[in-house]
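S.K.: Give me a model of this one.
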Amino acid sequence: MPSLRLFWMLAREAFSRPRLERQPEPTAEMEDPENVLAFHAQGAGPLVPVYHFNALATSRLLRPGGTVFDLGSGSGQYLAYLARLRPDARVIGLELSSSMASIGQRFLADSGLNDRVELRTGDMTSFTRHAPENIDVISSVFALHHLPTLKHLSLCFKEIALARQQHQCAIWLFDHVRPRHPRTPEVFPEIFTPKAPAEFRTDSCNSLRASFSFEQMSNALDSSTIGAMEHHCARFMPLYQAHWIASQKSRNAVDEGQPHTAAIEITRQAKSQFNSLRMLFPGVQLDRVI
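M.R.: Alright, predicted model coming up:
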């Protein structure tokens with residue numbers, strides 16, 4: 001019974017001491033064609049509520065006609081979702097995996113979004129040379145855990161700080177939190193994505209093991225020169241984390257009653273999951289809710 005399994009998973013997380021050491025993801029995993037295709041396929045299914053939540057949160061930080069530069073964009077599914085939600089915006093993604101980027105570029109071309117959505121190949125720890133001329137928001141969704149070490153995480157945040165200094169942009173970062181209990185990475189995909197391909201469930205398990213703790217992420221951000229960021233760990237189910245900072249441009253847009261998002265129809269199940277995710281982050285203000 002999924003609800004009972006979820007209860008026991010959360011109980012173990014709540015009452016166990018941190019016992020799970022971080023295990024960086026296998027470097028070849030996101031170059032393997034089967035893993036890449038399995039991940040890409042989930043962008044139209046189980047990941048939709050997560051994409052919707054992050055797109056609305058990012059949209060609130062984005063001025064009308066602005067540009068989002070997304071780090072670790074995978075196969076471009078989130079880029080396309082954000083672009084559909086904000087038809088006025090330009091969205092540029094950066095992805096290290098050439099296999100992911102190749103599939104993503106074909107996907108974006110087939111989606112008819114090439115005029116304002118682009119997926120570039122590059123490293124998020126040295127991305128400023130790949131960045132567009134004007135950036136309004138730097139985002140990253142389920143990508144920072146792919147970095148091998150805390151040193152690489154700090155290098156990424158150093159690049160973000162440099163870009164924020166140059167562009168006066170807002171920042172939105174969302175990722176998993178590494179579980180406390182060793183069983184959680186195995187149980188989590190069985191509960192939330194039981195019908196997903198085995199490759200995707202394995203990737204989900206590896207992602208949880210590779211994630212940084214909330215304290216590690218928050219401390220690394222506070223040690224950077226990005227600025228005074230908001231740090232929020234999901235309540236009740238502390239396996240997600242969000243960190244952000246607005247810009248004066250985004251504050252002005254909100255004060256003026258902007259931006260304006262397009263309506264995107266999602267399934268009843270996705271809407272329920274989105275609302276559950278929204279409840280986990282009461283401190284996150286969204287551009288609109290459903």
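
S.K.: List the contacts of Thr185.
M.R.: Quick fix: residue 185 is Pro, not Thr. Leu20, Pro179, Ser204, Cys205, Asn206, Leu208, Arg209 (C-beta atoms under 8 Å, 6 or more residues apart in numbering). (Each C-beta comes from the backbone N, C-alpha and C, glycine too.)

S.K.: which one of those has the most neighbours?
M.R.: Pro179 (25 neighbours; other C-beta atoms under 10 Å).

S.K.: Where does that residue sit: helix, strand or coil?
M.R.: Each residue gets one of three states, and Pro179 gets coil by DSSP: H, G, I helix; E, B strand; the rest coil.

S.K.: Give me the phi and psi angles of it.
M.R.: phi -60, psi 160 (degrees, to the nearest 10).

S.K.: quick one: it and Glu21 touch, right?
M.R.: No - using C-beta atoms under 8 Å, Pro179 is not in contact with Glu21, being 11.3 Å away.

S.K.: longest helix anywhere in this structure?
M.R.: Secondary structure assigned by DSSP state H gives helix 150-167 as the longest helix of the chain.

S.K.: Now do that helix: distance to the chain's middle.
M.R.: Here the centre of helix 150-167 is set off from its chain's centre by 17 Å, with C-alpha atoms, centre = their mean, to the nearest Å.

S.K.: what's downstream of it, the next helix or strand?
M.R.: strand 170-176 (DSSP states H and E).

S.K.: Quick check: Leu147 vs Gln23, distance?
M.R.: 13 Å (C-beta to C-beta, to the nearest Å).

S.K.: Which one's more surrounded, the two?
M.R.: Leu147 (22 against 13).

S.K.: Neighbours of the spatially closest residue to the more buried one that is not a sequence neighbour, how many?
M.R.: Among residues not flanking Leu147 along the chain, Leu153 sits closest, at 5.1 Å (C-beta to C-beta, 6 or more residues apart in numbering). A count of neighbours around Leu153, defined by other C-beta under 10 Å, yields 21.

S.K.: what ranges do the strands span in the stretch 151-290 of the chain?
M.R.: 170-176, 230-233, 240-245 (DSSP state E, counting those that start in this stretch).

S.K.: Could you list the residues in contact with the last one?
M.R.: The list of residues contacting strand 240-245 from outside it, by C-beta under 8 Å, 6+ apart, reads 57, 61, 164, 170-177, 214, 217-218, 221, 226-234, 277, 280-281, 284.

S.K.: try 7 Å this time
M.R.: Strand 240-245 is contacted by residues 61, 170-177, 214, 217, 221, 226-234, 280-281, 284 when judged by C-beta atoms under 7 Å, 6 or more residues apart in numbering.

S.K.: got the angle for it vs strand 170-176?
M.R.: If you take axes from the mean of the first three to the mean of the last three C-alpha atoms, to 10 degrees, strand 240-245 sits at 170 degrees to strand 170-176.

S.K.: which stretch of helix or strand covers Tyr81?
M.R.: helix 77-85.

S.K.: what's the next secondary structure element after that helix?
M.R.: Counting by DSSP H and E, what follows helix 77-85 is strand 90-95.
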